[in-house]
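fold the following for me, if possible:
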Amino acid sequence: MPSKSSIERKRILRRLPLFTELAPELLGELTRGSRSAMFQRGETIYRSGAPASEMYVLLSGQVKLALSSNRGNEKIIDVLEAGQSFGEAELFGTHFYLAGSVAVKPTQLLCIAGEHVRRVMAMDSRVAERIIKVLAHRQIQMEAELAASHFCSGSHRLLEFFLWLAGPNRDLAGETQVTLNISKRLLASRFDMQPETLSRALRYLTEAGLIAVDKSRVSLRNAKIARYLADENSAQSIILPERLRLPHAKGNGYPVVSSASGGVKRNADIRPFCDAINMAGRQRMLSQRMAKSWLMLEQGVMTRRVRLILRESMDMFDSQMIELDSLANSAESQAAHNELSEVWKPYRALLDSEPGKKTAHELFSMNEDVLAAAQNLTQGFEKDDGTRQGKLVNLAGRERMLSQRAAKFFMFRNMGIQVSKCRAELKRTDEEFSTALVELASASPQQPKIKDELEKVERHWNAMRAAITDRSASSFAPTARKVLIASENLLQRMNTAVNLYAGLPA
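Residues are numbered from 1 along each chain as shown. Now for the predicted structure:
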């Protein structure tokens, strides 16, 4: 009879994206080659130069990977959080660990013997493909960080790190708070800085009004940050997609943390399918937001702001395609991801071109193709999830998309492009948004935060409708500015609402 610990390890392995949908015999092979291990703060997991015999998944705690010199100097390669894996590359490369690993906090690991991993890879090529994706993403991140270290100032790199911590859903008009769960000494070493250099960078960002620091909490002043990043004098010397400019990937999506009893359970805040539904749904929204911004740029509406919105949206779409690739584990979701990748390429090329009336006609159909593909991917993740919560996240995410879709059709209509279709779509969008808002409110009557947020959404939606139907302005530009502001405010509120649904107890 299998032991209790063996059953628990198998349960963990089954939930890891690397090993999902494995045949029972292959899952058993991995289970036989795995063990659970606890390390106290400061305890060495393995030393530099030690034979590489296992890969590791961090279930709880924090681990640093670091190189040391004979003089005792240390260069931190990475600081890993729960959900990340490490040690895979050495199993297939040098067979010796280059960097040593040390527990920064009390840490629980799942250790998987390399020979068992290789055996399973030989019998199921999907495992090999997933490991290649993880290692490729890590390589890209390291190259991006190397480039940033040469071309960007320390304060700029630090600011990018805080933006990465905040994630893609930060309030672009207000403030976002992030918490540093790493000591400043470790952070300085991670960025190859002296502690006093890090202090100067923090002081510069604070004096510039971009952040406020209170011990381990950092408040990001998003509006000022946006202006700072848009300023040509502070722009980077190299252009990298947003997520690739950041220090390292935000985990590998492993939905496991240590429980109080010492076992492993799902974290209430880490639900891979809900995260995937939310992210794929955000691609739907971005397809419409980019079209809206491109059209407003063509019409000369608040050009500085919409150019920033367009660039930010394109960078976010690119970075999320990378993350969604690692989350698309079923054949259906992978096919949907491939379809979205294909239609995104020509759409992105058009968005990169100089806006013009002629190409606006091409944009009309092209952005609809991207929206349809993103919709298929989102529905695929909702199907994989199969929960009421996943359905609500998808429904709220469509509202987020409709906020931008209405603004897009407003622009097309007023530019004289397929006017009758635009009017019909604006009416359909209005009806769908209003109906879904009622459904969302009735689905969560016992959630006061959601109720309050949906009331704010309704007020912003009414402001959006009023701006779209406003005929009082003597020229188009003032109305278009109202629509832009109303659509961005509505998007901000809907982002909050979607995240509230994603954060509901499973």
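
surely Asn278 touches Gly397?
Yes. Using C-beta atoms under 8 Å, Asn278 makes contact with Gly397 at a distance of 6.3 Å. All C-beta atoms are positioned from the backbone trio N, CA, C, and that covers glycine.

overlap in contacts, these two.
Between them, Asn278 and Gly397 share these contacting residues under C-beta atoms under 8 Å, 6 or more residues apart in numbering: Val498.

domains of the protein?
4-145, 153-235, 271-502 (automatic domain parsing).

out of these, which one sits most buried?
domain 271-502 (a mean of 19; mean count of other C-beta atoms under 10 Å).

can you give me the offset of it from its chain's centre?
In terms of C-alpha atoms, centre = their mean, to the nearest Å, the centre of domain 271-502 is found 16 Å from the chain centre.

stretch 210-221 now?
The chain centroid and the centroid of stretch 210-221 are separated by 21 Å under C-alpha atoms, centre = their mean.

any idea how far apart the tips of it sit?
Chord length of stretch 210-221, first to last residue, is 5 Å (C-alpha to C-alpha, to the nearest Å).

averaged pLDDT, that stretch. What do you get?
Here stretch 210-221 scores 87 as its mean pLDDT.

and the contacts of that stretch?
When contacts are defined by C-beta under 8 Å, 6+ apart, stretch 210-221 is touched by residues 159, 162-163, 165-166, 170, 175-181, 202, 205-206, 209, 224-225, 228.

if you set the cut-off to 6 Å instead, what comes out?
Phe162, Ala166, Glu175, Thr176, Gln177, Val178, Thr179, Leu180, Leu205, Lys224, Ile225, Tyr228 (C-beta atoms under 6 Å, 6 or more residues apart in numbering).

go through the residues you listed and say which is closest to Ala128.
Ala128 lies nearest to Ala166 out of those, by C-beta to C-beta, at 34.4 Å.

worst mean pLDDT among the domains of the chain?
Taking the mean pLDDT of those, domain 153-235 comes last: a mean of 79.

pick out the most distant pair among the contacts of stretch 210-221.
The farthest-apart pair in those, when distances are taken by C-beta to C-beta, is Thr179 and Tyr228, at 22.1 Å.

can I get the contacts of stretch 210-221 in CSV including distance to Ser333 and secondary structure?
Formatted as CSV, the contacts of stretch 210-221 follow (distance: C-beta to C-beta, whole Å; DSSP: H, G, I helix; E, B strand; the rest coil):
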residue, distance to Ser333, secondary structure
Phe162, 32, helix
Ala166, 27, helix
Glu175, 35, strand
Thr176, 30, strand
Gln177, 33, strand
Val178, 30, strand
Thr179, 32, strand
Leu180, 34, coil
Leu205, 39, helix
Lys224, 39, helix
Ile225, 34, helix
Tyr228, 38, helix
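
between those residues, which is closest to Arg118?
Nearest to Arg118 among the contacts of stretch 210-221, with distances taken as C-beta to C-beta, is Leu180, at 37.9 Å.

roughly how far does the closest one sit from Ala188?
12 Å (C-beta to C-beta, to the nearest Å).

what helix or strand is Ala37 on?
Using DSSP states H and E, Ala37 sits in strand 34-39.

quick one: distance of the helix or strand that comes right after that strand to the chain centre.
Using DSSP H and E, the next helix or strand after strand 34-39 towards the C-terminus is strand 44-46. Centroid separation for strand 44-46 versus its chain: 30 Å, with C-alpha atoms, centre = their mean.

could you do stretch 192-202 as well?
27 Å.

contacts for that stretch?
With C-beta under 6 Å, 6+ apart as the test, stretch 192-202 has contacts from Gly154, Ser155, Leu158, Ala188.

distance of Ser403 relative to Val57?
39 Å.

swap that for Leu67, please
22 Å.

same thing with Ala276?
With C-beta to C-beta as the criterion, Ala276 and Val57 are 19 Å apart.

also Ser487?
42 Å.
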